[in-house]
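# from the sequence below, what's the structure:
(one chain, ligands or ions: 1)
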Amino acid sequence: MSVKVISSKLLLPCAVALAAMPGAQAAPPAGQLLAAQCAQCHGTNGNGPGFDEVAGKSASELRKDLLEMKRRPVENIMDRQARGYTDSQIQLIADYLAAHSGGDH
Ligand code: HEC
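Sure, this is the predicted structure:
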């Protein structure tokens, strides 16, 4: 009797997890998730308020800035931030911010 009770309790989370899997397709794009980590210092989508402007930069400028920060010796906050991402993550962040910053949130 008690075994049956336990097993039905264990099965429920499994069923919930399986049901949730197709929902993964509806997750926000990777660039949005990665760029969310910049918001604490640069505002949502880089639109401020916050430290230096991210809004208004093109994807290639952002990518160049971040790669430079990542490779130069650590001197300031951004040099440490940039080291947290692979080059392809930096590309995703740059593409996302360039498309979404600039005042329209
Ligand atoms: C902990 C706070 C913090 C976080 C998080 C942060 N930044 Fe910064 N960022 C700064 C500060 C401070 C500066 C200005 C001084 C410097 O370069 O360190 C800056 C400067 C910049 C600049 C240069 C702007 C200019 O015009 O010179 C860019 C581009 C930038 N950040 C992008 C990003 C991106 C993209 C992320 C997310 C991956 C991010 N930052 C996360 C604090 C942060």
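# flag every residue of the chain that's near the ligand.
37-38, 40-42, 51-54, 62, 65-66, 76-78, 81, 93, 97 (C-beta under 6 Å from any ligand atom). Every residue, glycine included, has its C-beta placed from N, CA and C.
# how about a cut-off of 8 Å?
34-35, 37-42, 46, 50-54, 57, 61-62, 65-66, 69, 75-79, 81-82, 84-85, 90, 93-94, 97 (C-beta under 8 Å from any ligand atom).
# make a PyMOL selection of whichever of those turn out to be buried.
Remark: buried members of the residues of the chain next to the ligand, expressed as a PyMOL selection using 16 or more other C-beta atoms under 10 Å:
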select buried, resi 34+35+38+42+46+50+54+57+62+65+66+69+78+82+85+90+93+94+97
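# just the ones of the residues of the chain next to the ligand in helices?
Assignment to helices by DSSP state H places the following of these there: 34-35, 39-42, 61-62, 65-66, 69, 77-79, 81-82, 90, 93-94, 97.
# list the contacts of the most centrally placed residue in the chain.
Geometric centre of the chain, nearest residue: Leu34, 1.3 Å, by C-alpha atoms, centre = their mean. By C-beta atoms under 8 Å, 6 or more residues apart in numbering, the residues touching Leu34 are 85, 89, 92-93, 96.
# excluding chain neighbours, what is closest to it?
Distances taken as C-beta to C-beta, 6 or more residues apart in numbering put Ile93 closest to Leu34, at 4.9 Å, once the chain neighbours are dropped.
# same thing with Asp52?
Counting by C-beta to C-beta, 6+ apart, Asp52 lies nearest to His42, which is 7.7 Å off, once chain neighbours are set aside.
# surely the one you found is in contact with Phe51?
Yes. If you go by C-beta atoms under 8 Å, His42 and Phe51 touch, sitting 6.2 Å apart.
# so Pro28, which of the three states?
coil (DSSP: H, G, I helix; E, B strand; the rest coil).
# with Gly48 instead?
What three-state DSSP gives for Gly48 is coil.
# would you agree Met78 is in contact with Leu67?
No. If you go by C-beta under 8 Å, Met78 and Leu67 don't touch, sitting 11.6 Å apart.
# done for today, thanks.
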